[in-house]
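1. A structural model of the following input is requested.
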Amino acid sequence: MTSSGSRRSGRRASGTAGSADPPGARGGCQSRRPALLVRHHRGARLTPAGELLVARARRVLDELERARHELARLTGLSGGALRLGTFQTAGIQLLPPVLSAFRRAHPDVELSVADYEPPAGVAAVAAGEVDLALTHAYEPGGPAPLPASVAAEPVLVEELVLVTAPGHVLAGDSSRLPLTELAGQPLISMAPDHPPRQSVETALARAGATPSVLVATPGYALVCALVSAGLGVAVVPEMVARTAVTPVGTRLLEPGDLRRTISVVRRTDETAPAADAFRALLRGAFGRAHGSGVQGPT
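-> Prediction:
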């Protein structure tokens, strides 16, 4: 007779033996990865397996590229054109990185840029000469009335600041300068008859600043050059002061209610996916503009 303990031992032994893998069975069930490269003293070359994988990868990439173009066609961003209007400061300082980002995202859209001194860009959009235009308005004052077919979206607000010759007594303090301190100062007056600047020039005259040199047409580069040469002081947008080619001193003014608002203008009776995509990039880029007093729209 066989004892129950012997039977249990037998069952355990039998179960263990039945579940054991034969020698080399596990290794035999795993497939070996084929080599993709063969290295030699001159470098490396693809094996047949490597060449097969590269060919398949190229087909996948080609399919992805075709899908990108098909999606772009569905959203109106494959081919076609985007016509932009801008004024000088924005065209030099703000527009190039946005254009570069748009070109990377939508390489098939043809881009063109034209110069329009505000408020001429508004009329160009209304007339269909351009799809979008950058324009500006100053405070005090406000934007000019827009045609019914046009809407303006503010994208950047910046303060106007005092610029002086380097070492000027008014530029030697970090505190805000009361506007009344400009009384009696020789002023480089820029385009006092130009609609966007009229209210600013009026405010400076009211503060007692005395026009010394008149720059009859809009041109901040010339204004800053005259200031740098010691011919007078001027009040300009902070972006202009920060990027002036000629050396100038700067100082914030009190109260800080002299401002310039940059807006992008579009037609309201048309749907243009390329223009919408460009406006989205403008919001992001202008919102990241740095420097005190330069801010996104509130």
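
2. give me the phi and psi angles of residue 220.
-> As for residue 220, its main-chain torsions (degrees, to the nearest 10) stand at phi -70, psi -30.

3. ok, it - how many residues close by?
-> Applying other CB atoms under 10 Å, we find 21 residues neighbouring residue 220. For every residue, glycine as well, the C-beta is placed using N, CA and C.

4. how near is it to residue 63?
-> Using CB to CB, to the nearest Å, one obtains 51 Å as the distance from residue 220 to residue 63.

5. check residue 80 too.
-> As for residue 80, its distance to residue 63 is 24 Å (criterion: CB to CB).

6. who's more crowded, the two?
-> With neighbours defined as other CB under 10 Å, residue 80 and residue 63 compare such that residue 80 has more, 14 against 10.

7. tell me who's in contact with that one.
-> Residue 80 makes contact with 108, 109, 110, 274, according to CB atoms under 8 Å, 6 or more residues apart in numbering.

8. go on, residue 152?
-> 122, 135, 143, 146, 263, 264, 265.

9. and these as JSON lines, adding secondary structure and pLDDT?
-> Compiled in JSON lines, those are given as follows (DSSP: H, G, I helix; E, B strand; the rest coil; pLDDT from 0 to 100):
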{"residue": "122", "secondary structure": "helix", "pLDDT": "95"}
{"residue": "135", "secondary structure": "strand", "pLDDT": "94"}
{"residue": "143", "secondary structure": "coil", "pLDDT": "73"}
{"residue": "146", "secondary structure": "coil", "pLDDT": "91"}
{"residue": "263", "secondary structure": "strand", "pLDDT": "94"}
{"residue": "264", "secondary structure": "strand", "pLDDT": "95"}
{"residue": "265", "secondary structure": "strand", "pLDDT": "96"}
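
10. give me the number of residues near residue 283?
-> In terms of burial, residue 283 registers 17 neighbours under the definition other CB under 10 Å.

11. same check, this time on residue 189
-> Close neighbours of residue 189, defined as other CB under 10 Å, add up to 23.

12. and the nearest residue to it once chain neighbours are set aside, bridged to which residues?
-> The shortest distance from residue 189 to any non-neighbouring residue, by CB to CB, 6 or more residues apart in numbering, is to residue 211 (4.2 Å). Per DSSP bridges, residues listed as beta-bridge partners of residue 211: residue 187.

13. what's near enough to touch residue 211?
-> Contact criterion CB under 8 Å, 6+ apart gives 186, 187, 189, 192, 205 as the residues in contact with residue 211.

14. now the strands for the stretch 51-200 of the chain?
-> Counting by DSSP state E, counting those that start in this stretch, the stretch 51-200 of the chain forms strands over residues 81-86, 110-115, 132-139, 150-164, 177-178, 186-190, given from the N-terminal end onward.

15. redo these as CSV? Include distance to residue 53.
-> Formatted as CSV, the strands of the stretch 51-200 of the chain follow (distance: least, CB to CB, whole Å):
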stretch, distance to residue 53
strand 81-86, 40
strand 110-115, 38
strand 132-139, 46
strand 150-164, 47
strand 177-178, 69
strand 186-190, 65
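
16. between these, which one is closest to residue 50.
-> Residue 50 sits nearest to strand 110-115 of all the strands of the stretch 51-200 of the chain, at 40.3 Å, using CB to CB.
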